[in-house]
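**Q** Output the structure for:
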Amino acid sequence: FQVKTESGKSIWNAEEVPEGSEFDDVWDPREQPEYEILFKQSVGTEDVFFGMSRKDHSTACCEDIVIKIKLPETKYSDITLDIQDKVLDLRTPKKKLLLHLPYHTDSKNGKARFLSEEETLEVTLRVAREFDFINFA
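**A** Residues are numbered from 1 along each chain as shown. Below is the predicted model:
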């Protein structure tokens, strides 16, 4: 979409509006839960000991993003989770989290599990990245 002034010139266009901004509600009084973003990669002996691949410990070599969200006093049935390729939107009766993800993800094949003893929701998303000189397999 584009917003135009009376003179017909565009103020901004769709490329300038961040992905997921339609979910953002600054007037929502619910507090944001604590969360942690972790990066995960598969490594074998050829990576660790022999250095046969170009993998290193940076996030550029990671295959998955794991988001751990603390949800105290929450039941699994109270959680509403919407994941787009670059945005995670979580809502409960007491908490709300709109998280812009650091990488594009395969949102249709993600996994989520609620660890009731820890009162934590753990979301695992596969990073959708182009193959390059590091990520070639």
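**Q** This structure: helices as residue ranges?
**A** 45-48 (DSSP state H).
**Q** show me where pLDDT drops low in it?
**A** 1-26, 42-61, 130-137 (pLDDT under 70).
**Q** can you do 80?
**A** By pLDDT under 80, the weakly predicted segments of the chain are 1-28, 41-62, 129-137.
**Q** where exactly do the strands run in it?
**A** Using DSSP state E, the strands of the chain run over 3-4, 10-12, 35-40, 64-70, 80-83, 87-91, 96-100, 111-115, 120-126.
**Q** Distance to residue 28 and mean neighbour count added to those strands, as TSV?
**A** (Glycine included, C-beta is placed from N, CA and C.) Below are these laid out as TSV (distance: least, C-beta to C-beta, whole Å; neighbours: other C-beta atoms under 10 Å):
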stretch	distance to residue 28	mean neighbour count
strand 3-4	24	9
strand 10-12	24	10
strand 35-40	17	14
strand 64-70	16	19
strand 80-83	13	15
strand 87-91	9	21
strand 96-100	5	18
strand 111-115	22	14
strand 120-126	19	19
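**Q** Distance to residue 27 for these - can I get that in a markdown table?
**A** As requested, the strands of the chain are exported to a markdown table (distance: least, C-beta to C-beta, whole Å):
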| stretch | distance to residue 27 |
| --- | --- |
| strand 3-4 | 21 |
| strand 10-12 | 22 |
| strand 35-40 | 21 |
| strand 64-70 | 22 |
| strand 80-83 | 18 |
| strand 87-91 | 14 |
| strand 96-100 | 11 |
| strand 111-115 | 27 |
| strand 120-126 | 24 |
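**Q** quick one: which of those is nearest residue 29?
**A** Closest to residue 29 of these is strand 96-100 (C-beta to C-beta; 8.9 Å).
**Q** Name every strand pairing with that closest one and say which way it goes.
**A** Strand 96-100 sits in its sheet next to strand 87-91 (antiparallel), going by DSSP bridges.
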